[in-house]
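Asks: Predicted model follows, preceded by the sequence.
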Amino acid sequence: MNKTFKKHKNGNVTVVDNNILKNRDMSLKAKGLLILMLSLPDDWEYSERGLVVLSKDGRDGVRSALRELEALNYLRRKTIRDENGQFVSNQYNIYESPLDSGDTPWTEKP
């Protein structure tokens, strides 16, 4: 018996590279989180806490998906510290396609 699926779309869409969806090395949870992060406005303040609020998975689920995205080079996080070495924030760089291991994720001088 054949089943038919129909798509019902509205105007509020995010365009996603099909390679993300077809990546067999990435879990559905990581794919979903990546697409969610790519759908957020450029000025959205990324944080684990903010991502947890937008999902059902909770802190541990979001953290594991973030680690997976880092391992697959779709995400780079950098810890920002003040002049005393105290933690200030994390900077998130999210990529539509994975960086090669030799790619430099930061535009600032080291």
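Replies: Received the coordinates, thanks.
Asks: wait, G61 sits on A30?
Replies: No. Contact criterion C-beta atoms under 8 Å: G61 and A30 do not qualify, at 10.2 Å. Placement of C-beta: from N, CA and C, glycine included.
Asks: more crowded one of those two?
Replies: More neighbours sit around A30 than around the other of G61 and A30, counting by other C-beta atoms under 10 Å; the figures are 23 against 15.
Asks: Report the contact partners of the more buried one.
Replies: With contacts defined as C-beta atoms under 8 Å, 6 or more residues apart in numbering, A30 is in contact with A65, E68, L69, L72, Y74.
Asks: Now do the buried residues in the strand or helix carrying the first one.
Replies: In this structure, A65 is located in helix 58-71 according to DSSP states H and E. Within helix 58-71, the residues that count as buried by 16 or more other C-beta atoms under 10 Å are V62, A65, L66, E68, L69.
Asks: Go through these and name the one nearest V52.
Replies: Distance to V52 across the buried residues of helix 58-71 (C-beta to C-beta) is lowest for V62, with 5.1 Å.
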